[in-house]
Every structure is written in C-alpha cells, then in structure tokens.
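In: below is the sequence, then the predicted model.
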Amino acid sequence: MAVRFQNRSVLVGTWLIIPPGIREPFIPLVLAPRVMCQRSDRLPEECSRALQNGETVTDQDASTHVSKEGEYGGELSRLRATYAAREADPLVRRRERVQNLGHVFNREQLRHELSRLIQRYFGGSLAGQRILEVGCGAGAFFEDLQVQGAQPELYWGVDILPDRLVIAEKRFPAAHFLISSGHQLPFPDANFDLVCQGTMMSSILDATLKQAIAGEMDRVLSHGGHILWYDFWVNPTNRKTRGIRRREIRSLFPTYSLEARRVTLAPPVARLLAPHSLTMCRAMAASPILRTHYLAVLTKARRARIG
C-alpha cells in the first residue's frame, strides 16, 4: 500500500541522502500523486485521468521504471548520483541561482533566440502544440516555452529524478510530469507536435543510450513535427558531460532537416562579466567561439501521401 506524508520537504531531503542504488523502494513516500503516476503501461490519457482522480500507486508500480532500465541501468544510476552530488554542492547552487546576473543575461539571450525560431516554425506561438520534454528537471525550460505561448495542459515532462519532478509539479500544477527514462517513453507513436531536450543529452556518456533516447523521441513525434534542441557543444569545466557537435546531432536524427545556431555565452565568462558590464557580455557573446550551446530545430519529414 502506498503511504502519504504531509511534510514533503523533509522527505525530499531524506531522498537526497539515500544512496542512489537503494532509493527506489522509497519512491512512493516521496512523490505526490501526480508525479507518482509512472506506470509505463498506462497511456498519457490514462495517467491524466488517474491523477485528476487523486489516485496513488503501489510500491511495485512506482518502481516499475527502475526495474525496466535493463542494459542502461548503470548509466542511469551514474546520472542520478551525479545530479545528487550537484544538488548537494553549495558552489554549484550559488553559481546557478536565478539571481546570478550571468544566468539572467544568458536566459534573456536564449529567450530571444527561441522567439526567432518559434516565429519561423510555429508562426510566433506554441499555443495549441502538444509538447513533450525529455529530461525536464524542475521545469526551467518549460518556463521559457511558456513565454512563447506553450500551454501547461498540453505539456508533458519526463525525468528520472523524482525530487526535481516534485518541484516542477508545484511550479506548474496544470502540466503533466512522469518518472521515465527517455529510452522507454510511455506514450503512443506520433503523439506530440514538439519534442524538446535541454542539456540532457550532453549529460549522457553512453552512446547507445543516446541513440535509444533519440529513437524514442523520433517515435513519439508526429510526422512534420519538430525537435527543439538546446545543449552544450563544448563544456570543458565539467568532465561528467560530453559536448555534442552538429555532426553528432545529425547522426542521432539522420532523416531530419536541421537548423542549428550557437548560442549562450560561456557561463563562466557570463558570471564573471555580467555584474560589471552587460555591454561587455553582449560584445563577448557576439563571438561564436565563446558560445557554448547549440539551439537547434530538427524537422521530421511528413508522411508521404499514397496515390
């Protein structure tokens, strides 16, 4: 039987200090009912109905995802441990806090570039688009998509980190969040108009897992739909990531058309300069070599008409 506790902040704190290898039995204690609807044999509509009805799941249901990780279990466990260590690192928390002026500068620049792409591919607004984000974390990227018109009720976010999903659900109660790895997405074929990933793929060091996730992103995307990609092409300060260049993006989605642009002033440079001169930040960001991410749109071919 699933057990509910009122003080979720204490439970999330406890979750972070439990070694990653033995966390799974504690999932039902930590997660809210909305986030706990994980079972990969449920379609999105079934999950939505269950969450609206306030249903919970059993311990066995909540750990279904982990039991199906199979050959990628080692890499996924490494990712959980890496992110847990980052969350516990006060230097990282200070560096990435929203009030950091370098972060604010880069966020504004990203939103400007997003606006340009949304205008080109979606007529200026994401309203009405069915959106999936793989590796959604606590919802930071969805906040940027909302500025472009994305509707929470048409948005689904998946992640392997339950504590981040709890935060995302609190921030965006009308959106939908599931515990799921990108290599086994619990959705029907061709279910979304837009599939997004932001700095998730560069965190994965296992090339076969990256290929599996790309295959699932392709499967659930409708014909003529788009993948929105935002990720490092170089990240020399973090050896637990691996930058993804344009050639590798193409290899992951070989049948897609690709438009990619380098964006985002190198975060260490932005953090150093922004408190002193935003003009200098803009001057540095004008140099492509100092931009560390690709913002890209990949377009899936429309289904060929027969006859």
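Out: Yes, it's here.
In: in this structure, what secondary structure element scores lowest on mean pLDDT?
Out: helix 59-62 (a mean of 38; mean pLDDT, DSSP states H and E).
In: how far does the host helix or strand of Gly225 sit from the chain's center?
Out: Using DSSP states H and E, Gly225 falls within strand 221-232. Relative to the mean C-alpha coordinate of its chain, strand 221-232 is positioned 12 Å out (CA atoms, centre = their mean, to the nearest Å).
In: contact partners of it?
Out: 110, 117, 121, 141, 190-202, 217, 241, 243-244, 249, 253, 256, 260, 263, 292-303 (CB atoms under 8 Å, 6 or more residues apart in numbering). (C-beta placed from N, C-alpha, C; glycine too.)
In: from these, which would you call buried?
Out: Listed as buried from the contacts of strand 221-232 are 110, 117, 141, 190-202, 217, 241, 243-244, 249, 253, 256, 260, 263, 292-300; burial here means 16 or more other CB atoms under 10 Å.
In: so which of these sit within strands?
Out: Secondary structure from DSSP state E places 192-198, 260, 263, 292-299 of these in strands.
In: which one is Arg245 nearest to, not counting chain neighbours?
Out: Once flanking residues are discounted, Arg245 sits nearest to Trp233: 5.1 Å by CB to CB, 6 or more residues apart in numbering.
In: low-confidence ranges in this protein?
Out: Applying pLDDT under 70 to the chain flags residues 1-68, 92-99, 304-307.
In: wait, what's in contact with Ala190?
Out: Counting by CB under 8 Å, 6+ apart, Ala190 makes contact with Arg219, Val220, Leu221, Ser222, His223, Gly225.
In: let's go with 6 Å and repeat that
Out: Ser222 (CB atoms under 6 Å, 6 or more residues apart in numbering).
In: how close does Leu79 sit to Ile213?
Out: Taking CB to CB, to the nearest Å as the measure, Leu79 falls 12 Å from Ile213.
In: ignore the last one, Val195
Out: From Val195 across to Ile213, the span is 10 Å (CB to CB).
In: returning to that earlier point: quick check on the residue nearest to Arg245: phi, psi?
Out: Phi and psi for Trp233, reported as degrees, to the nearest 10, are phi -100, psi -20.
In: confirm for me that it is in contact with Tyr294.
Out: Yes - look at Trp233 against Tyr294 with CB atoms under 6 Å: they come within range, at 5.2 Å.
In: joint contacts of the two?
Out: By CB under 6 Å, 6+ apart, no residue touches both Trp233 and Tyr294.
In: hmm, back to that, what residues are up against the residue nearest to Arg245?
Out: By CB under 6 Å, 6+ apart, the contact list for Trp233 reads Gly243, Arg245, Tyr294.
In: can you rerun that using 10 Å?
Out: Counting by CB atoms under 10 Å, 6 or more residues apart in numbering, Trp233 makes contact with 202, 243-246, 248-249, 260, 262, 264, 291-294.
In: over to Leu278?
Out: Listed by CB under 10 Å, 6+ apart, the contact set of Leu278 reads Leu101, Val104, Phe105, Glu108, Ala270.
In: same question for Lys300.
Out: Lys300 touches 190, 195, 217-218, 221-227, 253, 255-257, counting by CB under 10 Å, 6+ apart.
In: which one of the residues you listed sits closest to Ala84?
Out: Closest approach between these and Ala84, by CB to CB: Met217, at 25.3 Å.
In: quick check: closest non-adjacent residue to the closest one.
Out: Nearest one to Met217, counting by CB to CB, 6+ apart, is Val195 at 4.9 Å.
In: Glu259 now?
Out: Leaving aside its sequence neighbours, Glu259 sits nearest to Val297 (CB to CB, 6+ apart; 5.1 Å).
In: just Ser125 next, same as before
Out: That would be Gly149: by CB to CB, 6+ apart, it lies 3.6 Å from Ser125.
In: may I ask which helix or strand encompasses that neighbour?
Out: For Gly149, there is no helix or strand it lies in under DSSP H and E.
In: thought Leu194 was touching it, still the case?
Out: No - using CB atoms under 10 Å, Gly149 is not in contact with Leu194, being 11.4 Å away.
In: Met280: which element?
Out: Applying DSSP H and E, one finds Met280 within helix 278-285.
In: mind listing what's buried in that helix?
Out: Buried residues in helix 278-285 (16+ other CB under 10 Å): Cys281, Met284, Ala285.
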